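Trainee: Only the shape, not the letters, is given here:
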């Protein structure tokens, strides 16, 4: 795999993980409030 594609893949994985984390945090805050 070329380094460029690997970098893009890492960026997508990190972005999806951050979106999932934000969704979980939002659900927790919504359940608390």
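Mentor: Here it is on my side, so go on. This structure is a prediction, so every number in the text was calculated from the model and none was measured.
Trainee: I'd like the mean pLDDT over whichever strand or helix holds residue 18, please.
Mentor: For residue 18, the element it lies in under DSSP states H and E is helix 3-32. Averaged across helix 3-32, pLDDT comes to 96.
Trainee: other SSEs contacting that helix?
Mentor: Contacts of helix 3-32 with other secondary structure elements, assessed using 3 or more C-beta pairs under 8 Å, 6 or more residues apart in numbering; DSSP states H and E, are absent: no helix or strand is involved. Every residue, glycine included, has its C-beta placed from N, CA and C.
Trainee: so how far is that helix off the chain centroid?
Mentor: Between the mean C-alpha point of helix 3-32 and the mean C-alpha point of its chain there is a distance of 1 Å (C-alpha atoms, centre = their mean, to the nearest Å).
Trainee: repeat for stretch 19-33
Mentor: For stretch 19-33, the gap between its own C-alpha mean and the chain's C-alpha mean amounts to 13 Å (C-alpha atoms, centre = their mean).
Trainee: Start the count at 30 instead of 1 going forward.
Mentor: Yep, numbering from 30; the last one is stretch 48-62 now.
Trainee: List the buried residues of that stretch.
Mentor: For stretch 48-62, the buried set under the neighbour-count rule, 16 or more other C-beta atoms under 10 Å, is empty.
Trainee: And for stretch 36-52?
Mentor: Using 16+ other C-beta under 10 Å as the test for burial, stretch 36-52 gives no buried residues.
Trainee: For this protein, list the residue farthest from the centre, please.
Mentor: Within the chain, residue 62 marks the point farthest from the mean C-alpha position, 23.9 Å out by C-alpha atoms, centre = their mean.
Trainee: Would you quantify the distance from that one to residue 43?
Mentor: According to C-beta to C-beta, to the nearest Å, residue 62 stands 28 Å off from residue 43.
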